[in-house]
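**Student:** With the sequence up front, the predicted model follows.
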Amino acid sequence: MKIGILSLQGDVEEHEYALRKAAAELGKTIEVVRVKKNLGDVSALVLPGGESTTFSALADVGQLKKAIEGGLPVFATCAGVVFLAREVRDRVVGSTRQKTLGVLDIEVVRNAYGRQRNSFETELEVREVGRVRAVFIRAPAIVKTWGRAEPLAYVETPGFGATAAVVLQKPHLATVFHPELSTTSLHVYFLRGL
Ligand code: GLN
């Protein structure tokens, strides 16, 4: 099975490592490939953390959207979640007018915790996965879910109350934090579902 990582910008290498480790834990054989414009024949796609406006500017949104609507499962983390969301705004500037893939039934507030120095780590209980160490780096907050989006974990977000930190919208998985930096359990969970 071939897993692609959108490699326009962001923490691609960390996802590559986490995917390989997770596959080894599962005894599954996978090939991890970096994709830019051309998705090729990948069976699943990781959207890494980074800067969602850069993804919006550089990605072939039309091609990605078509592939996802055609059934391509996506594991989105941090900026990747912003890029995959239906509705996005920024905590400070409000409307961001950025192009998103419009797939997940969620509303996202970018940079919900403030600036870089408000980044933090915490422990979260994730339904179906267990306890994980979660690294939040200028993270977005999922302030609303509807339709097929199912929250698997929550985090307390100043000004917003408890917001969804992990969302499953089969076959897609989304985490507002960076699992690739602290655990393989979310990658294992995603691979297991493929
Ligand atoms: N703040 C970034 C954005 O809104 C996300 C940061 C990250 O991926 N660590 O796009």
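**Tutor:** Good, I have the coordinates.
**Student:** CA atoms for contacts and neighbours, from now on please.
**Tutor:** Fine.
**Student:** mind pulling up the phi and psi values for the spatially most distant residue from the centre of the chain?
**Tutor:** Among the C-alpha atoms of the chain, the one farthest from their average position, using C-alpha atoms, centre = their mean, is that of residue 27, at 23.8 Å. According to degrees, to the nearest 10, the main-chain angles of residue 27 amount to phi 70, psi 30.
**Student:** Next one: it, what pLDDT does it get?
**Tutor:** At residue 27 the predicted local distance difference test score is 97.
**Student:** Excluding chain neighbours, what is closest to residue 32?
**Tutor:** Distance criterion C-alpha to C-alpha, 6 or more residues apart in numbering; nearest residue to residue 32, sequence neighbours excluded, is residue 3 at 4.9 Å.
**Student:** Same question for residue 84.
**Tutor:** Counting by C-alpha to C-alpha, 6+ apart, residue 101 is the residue found nearest to residue 84 once chain neighbours are left out, at 4.9 Å.
**Student:** Can you find the helix or strand of the protein with the lowest average pLDDT?
**Tutor:** The least trusted helix or strand in the chain, going by mean pLDDT, DSSP states H and E, turns out to be strand 94-95, with a mean of 87.
**Student:** before we move on, back to that, which helix or which strand is home to the residue nearest to residue 84?
**Tutor:** Per DSSP states H and E: residue 101 is located in neither a helix nor a strand.
**Student:** distance of it from the ligand?
**Tutor:** Relative to the ligand, residue 101 is positioned 14 Å away (criterion: C-alpha to the nearest ligand atom, to the nearest Å).
**Student:** okay, now that residue: neighbour count?
**Tutor:** Using other C-alpha atoms under 10 Å, the number of residues around residue 101 comes to 23.
**Student:** Starting from residue 178, give me the distance back to the nearest residue in space to residue 145 that is not next to it in sequence.
**Tutor:** Nearest in space to residue 145, with sequence neighbours left out and distances taken as C-alpha to C-alpha, 6+ apart, is residue 106 at 4.4 Å. When distances are taken as C-alpha to C-alpha, to the nearest Å, residue 106 and residue 178 turn out to be 18 Å apart.
**Student:** Output the contacting helices and strands for the host helix or strand of residue 80.
**Tutor:** Assigning secondary structure by DSSP H and E places residue 80 in helix 79-84. The criterion is 3 or more C-alpha pairs under 8 Å, 6 or more residues apart in numbering; DSSP states H and E, and the helices and strands that helix 79-84 contacts are strand 44-47, helix 52-58, strand 104-110.
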